[in-house]
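Undergrad: sequence-free structure coming up:
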Ligand code: ADP
Ligand code: MG
């Protein structure tokens, strides 16, 4: 049906993202609850209309692993995208609330994301481009779905022009300027899975203290955690605060340069680290099933030529196990 801004009643603010915000709204004529994403776009009317046309592809994206789409409209100077509301929110919020996520649940996340990515690519030739825990959503039925994929080339360009496209989930080849491929999404999935299983972002090498992560995130970018501007460095030159608890000597022995006694690391240093240092892993060794470790390692192969596609990764042992697992995500989701 035809969506109009006047028919949407704001119920709750769900979060702020890159150049926009998301609200829980009610479509009053029908009583439908939706999530409304407001994206501020500094572009000509013709470009806005083009974006709106491109967003209509989302009407054809029908998969149980993809957030469904109610419609999009212009509300000057914004573009509003209305989508399925997921009442348990995104996985970053969930792990920050409940702590590290059980590896069997993480296996279901991996399965859902790979199915979603494979659907988007095989059926629509869409590459997601922004896989990260905040774009993986969960509801109280225990369903896991991905959102915020790159359907609209014009929208991607407009956002890149005004703000960013670079995030700390970005693959080494992307950091070095290579084209996006489905394999870049696989890297981002690998980083996200480690983050969920450890309950912290893998490049902040602290093991226990949760406050380190919030420090890390709040200093990472003034506008948006996990995302930075490369189109001209942001004026505030954000620094990443690393864990405070260890003395500097420990850094060398661990081979990780991110940890230290209150040391900070710039965004560029982090990106350099991703490019030059060994990829993060599910650690400590032996804590997680070997099939999970191997899966994550295969997502985080630094050479995209040897990294598998989402479709090939669906054949991994760990994913096969996830497929036949009897884990009840509805019960899991009822615990928070
Ligand atoms: P980001 O993904 O970078 O956090 P967004 O603007 O895309 O920024 O989203 C902001 C927050 O809104 C997300 O972190 C997520 O928790 C929440 N959100 C987004 N879409 C939905 C949705 N469809 N249902 C419920 N919550 C959502
Ligand atoms: Mg998002």
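TA: Yes, it's here. Values in this document were obtained by computation on a predicted structure and should not be read as measured data. Ligands and ions are numbered 1, 2, ... in the order given.
Undergrad: What strands line up against the helix or strand harbouring residue 73, and which way round?
TA: Assessed by DSSP states H and E, residue 73 sits inside strand 69-75. When pairing is defined by DSSP bridges, strand 69-75 lines up against strand 78-84 (antiparallel).
Undergrad: per-residue confidence averaged over the partner strand?
TA: Mean pLDDT, strand 78-84: 96.
Undergrad: From the chain's centroid, how far away is it?
TA: 18 Å (CA atoms, centre = their mean, to the nearest Å).
Undergrad: Check stretch 56-65 too.
TA: 18 Å.
Undergrad: now do stretch 105-115
TA: With CA atoms, centre = their mean, you get 13 Å for stretch 105-115.
Undergrad: now do stretch 47-58
TA: 22 Å.
Undergrad: Could you report the neighbour count for whatever residue of the chain ends up closest to ligand 2?
TA: Residue of the chain nearest ligand 2, by CB to the ion: residue 148 (4.0 Å). Every residue, glycine included, has its C-beta placed from N, CA and C. When neighbours are counted by other CB atoms under 10 Å, residue 148 registers 22.
Undergrad: okay but it is in contact with residue 135, surely?
TA: Yes - counting by CB atoms under 8 Å, residue 148 does reach residue 135; the two are 4.6 Å apart.
Undergrad: Make sure residue 186 is actually in contact with residue 307.
TA: Yes - using CB under 8 Å, residue 186 makes contact with residue 307 at a distance of 5.8 Å.
Undergrad: out of the two, which sits in the busier spot?
TA: Using other CB under 10 Å, the more surrounded residue of residue 186 and residue 307 is residue 186, with 25 against 22.
Undergrad: residues contacting the closest residue to residue 68 other than its chain neighbours?
TA: Setting aside the residues directly before and after it, residue 68 is nearest to residue 84 in space (CB to CB, 6 or more residues apart in numbering), at 4.4 Å. With contact set as CB atoms under 8 Å, 6 or more residues apart in numbering, residue 84 has these partners: 34, 35, 67, 68, 69, 70, 145.
Undergrad: Distance to ligand 1 and neighbour count added to the residues you listed, as JSON lines?
TA: Shown next, in JSON lines, are the contacts of residue 84 (distance: CB to the nearest ligand atom, whole Å; neighbours: other CB atoms under 10 Å):
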{"residue": "34", "distance to ligand 1": "8", "neighbour count": "23"}
{"residue": "35", "distance to ligand 1": "3", "neighbour count": "23"}
{"residue": "67", "distance to ligand 1": "5", "neighbour count": "23"}
{"residue": "68", "distance to ligand 1": "9", "neighbour count": "15"}
{"residue": "69", "distance to ligand 1": "10", "neighbour count": "21"}
{"residue": "70", "distance to ligand 1": "10", "neighbour count": "21"}
{"residue": "145", "distance to ligand 1": "8", "neighbour count": "22"}
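Undergrad: near ligand 2, which of these show up?
TA: Subset of those in contact with ligand 2: empty, counting by CB under 5 Å from the ion.
Undergrad: what would the residues you listed look like in a markdown table with pLDDT?
TA: Converted to a markdown table, those look like this (pLDDT from 0 to 100):
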| residue | pLDDT |
| --- | --- |
| 34 | 98 |
| 35 | 98 |
| 67 | 98 |
| 68 | 97 |
| 69 | 97 |
| 70 | 97 |
| 145 | 98 |
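Undergrad: backbone phi and psi for the residue of the stretch 101-250 of the chain found nearest ligand 1, please?
TA: Nearest to ligand 1, among the residues of the stretch 101-250 of the chain, is residue 134, at 3.4 Å (CB to the nearest ligand atom). With angles defined as degrees, to the nearest 10, residue 134 shows backbone torsions of phi -80, psi -10.
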